[in-house]
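Novice: okay, here's the prediction I keep looking at, along with the sequence it came from:
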Amino acid sequence: MSEPHPARPPEDKRTLLQKLVEFIHPGPDSAEELIETLAEAESNEVIGAESRVMLERVIRMADMSAGDVMVAAPRMDLVDIDAPYEEMLKLIINTAHSRFPVYQGERENIIGILMAKDLLKLQRSPDLNVRALLRPAVFVPESKGLNDLLREFRGNRNHLAVVIDEFGRVAGLVTIEDVLEQIVGEIEDEFDIPEDEGDIFALADHTYRVSGDTPVERVAEAFGVDLAGSDPEEEFDTIGGLIAHEMGHVPKRGEQLVLCGLQFVVLHTKGGAVRWFKVEPRPQDSASGTG
C-alpha cells in the first residue's frame, strides 16, 4: 500500500547566488566571477543587456543590508501623534507619501505607522481617534540583509520598516520600493511627470512644485523676482543647479534654502540631482540658509 501522506521533499535552502552558480556549469567560484560570466553571456548575445544588469543587481544585493539603502533618520517624514489634524494633513499633501511613522514626544519614540488613506477617514468622522488608525510598526536592525528583508516584506505585507542601529536608536526607515530599486533600478513615482506636461505646478496649500531642471529665467518670471546667486560671476541654466551651488553640496530631500524671497524645499532627488522643489514666496528680509 502507498503511504497516505508521502514525505515532502526537503526544502531547498540554497541562496539565489548558489543556484545561479550551480546553473552555470562549470561555474565561477565567486560573485565577481559570476558577474564576469554574465557580461560574457551578454557579449555573446545569450542574454540581453537589461537581463544582465538585473541579474548583476540581484547578485550584489546579497551583500547589502537595510543600512545601505535606508532613508536616514534626519530626513524621515514623521507624524506627531499630538499634532492638529490640519498639520498632519498638510504634511501628507506636501510629501505625497502613503505611509508615515508616528511618534509621541520624541522622534525616537515611534508608536506606529499611519496610512495616508486612513487619516482621510477623519474628514468624515472627526470624532475618530488617530491612535485607533495606527498600524504596528516593524523594526529591523541596520545589519538586516536585503534578501531577508524583501522576503519579510512579502510575507507580512508590510511596505515600510523602521531601522534601528546597534544602540537601539532609530537610524532611518526602509521601504519595499528601496529594496526593489536595487534590482530593477529607480522606480518612477508620482513626481516623475514628463517635461512636456509642465514644470511649475500650483498646490492646494498655495505653494508650488517646481522641477529642478526648470530654467532660472522661467522661475524668476513666474514668481516675479530677480533670481541671482551669491556669486554674480556664476551663471546657471537650471534652478536645480543654482540651488545646489548656493547650498554648496548636492541637496538632499528635506533640505531648504531661502533665496531672493523664495523658499526652496527639496521634495525629491534622483541620480544626484533635485527632481522637484516645493517653492513658497517669503518676505524679502528673510535670511538665506539651509535647513
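Specialist: Received it, and whenever you're ready, just let me know what you need.

Novice: residues in contact with the helix or strand that contains residue 174?
Specialist: Per DSSP states H and E, residue 174 falls inside strand 170-175. Where contact means CB atoms under 8 Å, 6 or more residues apart in numbering, the residues beyond strand 170-175 that reach it are 66-67, 69-73, 75-76, 99, 101, 107-108, 110, 140, 142, 149, 159-165. Any C-beta I mention is one placed from the backbone N, CA and C, and that applies to glycine too.

Novice: likewise for stretch 154-167?
Specialist: Contacts to stretch 154-167, defined as CB under 8 Å, 6+ apart, come from residues 66-67, 70, 98-99, 101, 110, 113, 137-142, 144, 149, 152-153, 170-177.

Novice: show the buried residues in the residues you listed.
Specialist: Among those, those classed as buried by 16 or more other CB atoms under 10 Å are 66-67, 70, 99, 101, 110, 113, 137-138, 140, 142, 144, 149, 152-153, 170-176.

Novice: where in the stretch 101-250 of the chain is pLDDT low?
Specialist: Where the stretch 101-250 of the chain drops to pLDDT under 70, the residues are 126, 185-198, 204.

Novice: just the strands in it please.
Specialist: Assigned by DSSP state E, counting those that start in this stretch, the strands in the stretch 101-250 of the chain fall at 106-115, 139-141, 160-164, 170-175, 200-202, 208-211.

Novice: turn those strands into JSON lines, columns for distance to residue 273.
Specialist: As requested, these are exported to JSON lines (distance: least, CB to CB, whole Å):
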{"stretch": "strand 106-115", "distance to residue 273": "28"}
{"stretch": "strand 139-141", "distance to residue 273": "30"}
{"stretch": "strand 160-164", "distance to residue 273": "25"}
{"stretch": "strand 170-175", "distance to residue 273": "21"}
{"stretch": "strand 200-202", "distance to residue 273": "17"}
{"stretch": "strand 208-211", "distance to residue 273": "11"}
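
Novice: how far away is residue 121 from residue 278?
Specialist: In this view, residue 121 and residue 278 are 26 Å apart by CB to CB, to the nearest Å.

Novice: neighbour count winner among the two?
Specialist: Taking other CB atoms under 10 Å, residue 121 and residue 278 do not tie; residue 278 has more neighbours (19 against 14).

Novice: show me what counts as buried in the helix or strand containing that one.
Specialist: Residue 278 is part of strand 273-281 when elements are defined by DSSP H and E. Buried residues in strand 273-281, counted by 16+ other CB under 10 Å: 274-280.

Novice: can you check stretch 97-114 too?
Specialist: If you call a residue buried by 16+ other CB under 10 Å, then stretch 97-114 has these buried ones: 97, 99-103, 110, 112-114.

Novice: residue 73 and residue 174, how far apart?
Specialist: Counting by CB to CB, the separation of residue 73 from residue 174 is 12 Å.

Novice: residue 53: neighbour count?
Specialist: Neighbour count of residue 53, defined by other CB under 10 Å: 16.

Novice: isn't there a helix covering it?
Specialist: Yes. The assignment for residue 53 (DSSP: H, G, I helix; E, B strand; the rest coil) places it in a helix.

Novice: my guess is residue 134 contacts residue 102, does it?
Specialist: Yes. Here residue 134 lies in contact with residue 102, judged by CB atoms under 8 Å, at a distance of 5.9 Å.

Novice: now do the shared contacts for those two.
Specialist: Residues touching both residue 134 and residue 102 by CB under 8 Å, 6+ apart: 111-114.
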